[in-house]
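Novice: One predicted model, sequence on top.
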Amino acid sequence: MKEFDTPGASGLIMEEPLLFAKAKTGRSGFSLPSRDVPRAELPPEAETRRPDLPDLSELEVVRHYTRLSQWNFGVDSGVYPLGSCTMKYNPKINEKLAALPGLAGAHPLLPEAMSQGALRLMFELQELLAEITGLDGVTLQPAAGAQGEYAGMRIFYAYHQKQGQTRRKVLIPDTAHGTNPASAALCGFQAIPIPSNAQGILAAESVAELMDTDTAGIMVTNPNTLGLFEENIGDIAQIVHDQGGLVYCDGANFNALMGIADMGRAGIDVLHLNLHKTFSAPHGGGGPGSGPVCVHKELQPFLPLPWIVKNEQGYTLVHEAPDSIGRLHAFYGNFGVMIKAYCYILSMGPLLKQASQCAVLNANYIKEALKEAFHLPYDRLCMHECVFTDQYQQEAGVSTLDIAKRLIDLGFHPPTIYFPLVVQGAMMIEPTESETKEDIDSLIRAFLQIAREACEAPDELHKAPLKTKRKRLDETLAARSPCLTG
Amino acid sequence: MKEIDQINLPEDLKYSEEHEWVSTDEDNMRIGISDFAQDQLGDIVFVELPEIGARFGKGDEFATLESVKAVSEVYMPVGGEVLQVNPELEDAPELVNADPYGQGWLIEIKPDEPSQADDLLDKNAYLAMIKGD
């Protein structure tokens, strides 16, 4: 079925047993230095059972882990267009700087006087994120996006408490990220869903109908999970503010907006960013996340502790504040991720705007190239990602799952599938700005090949992937009878 | 997935626009999801049912179905008190796929107002609705 050179056209994949299965008694990967003290017997109370470690040579261990790493797929191995995840390239200079011994080895309990560099880095990163979003105050504490949402909802609650009110509801559109209702519920709010309109965005009238003085505010993902800009956000914010509510923006999709949208002027009160998405720190299995929260100045007193402040002596930490929602994370958040984001922002400078423009251009390029072959439910200008469905392929019995699995054979990570839920059989493609035109064209050709295969050999697609070490996995069995203990 | 003409829709049930069915031939009513709904959801891997004795109004969310594709809520086609929940589904959620009108039933209720079922769709009206989807 080879029609053109795909990255996944050939491969040499090794089988690899467990280290315990490879072990042979007596093999060893190291030699002890010769003893230069007299031999002594262990006292009986120090004796314990020998640890159960496999006997292996150094080369066996090196090959084992190298082979396991080759079964993996990451942005360093190929195109990774996972929608709403912004799997952009993680520049290696970020890693180099985060590994500098003065930063990597800095102990979190060092006194402030000996941590001025680290504190300055965090303070300046806060200033940069404030400028990028158009908001006033920033906390770097949250460990990931969902914890940022949680912090935001705690701030909603604290703000209304301070006004002497307990508001019980939060409005959440059906195109928001799935974590939004969970974060609201965790803070005691009832999540009220709002349907998006025929254009895939939120209408101001729908918000006006539901917004009342028992509603703490609204959580809007912008751009939303259809990859569309919520262009009524200004009017929506006005409606919410008129009833005394607050506006939260889930900024997980901020990669479309850097240097373009001023969220403060759009009426946003609280917004979280994902440093591990938009600001190029590794994502998923690559390391911990970081979900800073940016707020309007009126909400600054509620930000979690500690705060970093700058005075004549330098940088110092504030550990107590009467209105703060308190601590969220041990020490100061995930500092290593902050270093990488700081490094990315400084190395890009004004080019951040161009990164967003290229991310949007790439998504629209894919949308236009594929919309004949795949059903595009919302045919309009998209932001950083575009959403197709399997409607045309369903005629031949081929589903989104089949298409995603076949992409693996062709050397691409599949897009996000079956999300957002408002689109049946969704495929959400986010190329990011990192990919070259050649690589994007290659991805497009792979999708077009699969569309042809869906007509010509639909049964073959049900078996995909065919070239991987493990073929089609039984996801139903795995979900119904999970085996979690090995 | 099934073609529309392969969808099994028993004549003696009433259907809601949210794809639940109700059996109305006895005083207590059984509730489940339609063959169309189970087919759209795909393989169901987990069913969360209410407590016996719980009360819900018409349109309230009473159960959650988790499939390999998505998590979906199930809504009361008729308000009432939960008398029984299907005990088999905890260990065998696939019954909802295999036999949505029989062994895959979800709950049995004592309706507050049995006449609420009169507003639901019959087989032909429901079929017309899903064809229009």
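Specialist: Alright, I've got the coordinates.
Novice: ok, A:Glu435 - contacts?
Specialist: Taking Cβ atoms under 8 Å, 6 or more residues apart in numbering or on different chains, we find A:Glu435 in contact with A:Val79, A:Asn362, A:Leu443. No exception for glycine: its C-beta is placed from N, CA and C like everyone else's.
Novice: let's go with 7 Å and repeat that
Specialist: Contact analysis of A:Glu435 by Cβ atoms under 7 Å, 6 or more residues apart in numbering or on different chains lists A:Val79, A:Asn362.
Novice: now it: how far from A:Leu346?
Specialist: 23 Å (Cβ to Cβ, to the nearest Å).
Novice: Then B:Glu17?
Specialist: Counting by Cβ to Cβ - B:Glu17 and A:Leu346 are separated by 55 Å.
Novice: for A:Glu58, same thing?
Specialist: Applying Cβ to Cβ, the value for A:Glu58 to A:Leu346 is 40 Å.
Novice: same question, A:Gln391
Specialist: 45 Å.
Novice: Neighbour count for the two, which is higher?
Specialist: A side-by-side neighbour count of A:Gln391 and A:Leu346, using other Cβ atoms under 10 Å in any protein chain shown, places A:Gln391 first with 15 against 12.
Novice: Model confidence for the nearest residue to the more buried one once chain neighbours are set aside, exactly?
Specialist: In this structure, A:Gln391 finds its nearest non-sequential neighbour in A:His375, 3.8 Å apart by Cβ to Cβ, 6 or more residues apart in numbering or on different chains. pLDDT, A:His375: 98.
Novice: Now A:His375: phi and psi?
Specialist: Phi and psi for A:His375, reported as degrees, to the nearest 10, are phi -70, psi 130.
Novice: From what I see, it and A:Thr389 are in contact.
Specialist: Yes - A:His375 is in contact with A:Thr389 according to Cβ atoms under 7 Å; the separation is 4.7 Å.
Novice: dump the residue contacts of residue 67.
Specialist: By default, I'm working from chain A. The contact partners of A:Arg67, by Cβ under 7 Å, 6+ apart, come to A:Met14, A:Glu16.
Novice: Actually, chain B is the one I wanted.
Specialist: By Cβ under 7 Å, 6+ apart, the contact list for B:Ser67 reads B:Leu41, B:Gly42, B:Asp43, B:Ile44, B:Val45.
Novice: Which strands or helices does the helix or strand where the last one lies pack on?
Specialist: Using DSSP states H and E, the element containing B:Val45 is strand B:44-48. For strand B:44-48, the helices and strands in contact under the criterion 3 or more Cβ pairs under 7 Å, 6 or more residues apart in numbering or on different chains; DSSP states H and E are helix A:475-480, strand B:61-67, helix B:95-98.
Novice: Among those, which comes closest to A:Pro223?
Specialist: Across the helices and strands packed on strand B:44-48, A:Pro223 has its closest neighbour in strand B:61-67 (27.3 Å, Cβ to Cβ).
Novice: Describe which strands that closest one pairs with in its sheet and in which direction.
Specialist: Here strand B:61-67 is paired, per DSSP bridges, with strand B:44-48 (antiparallel), strand B:71-75 (antiparallel).
Novice: for those, which one sits closest to A:Ala216?
Specialist: Here strand B:71-75 is closest among the strands paired with strand B:61-67 (Cβ to Cβ), at 22.7 Å.
Novice: At the contact with chain A, which residues of chain B appear?
Specialist: B:Met1, B:Asp43, B:Val45, B:Val68, B:Lys69, B:Ala70, B:Pro93, B:Glu94 (Cβ under 7 Å from any Cβ of the partner chain).
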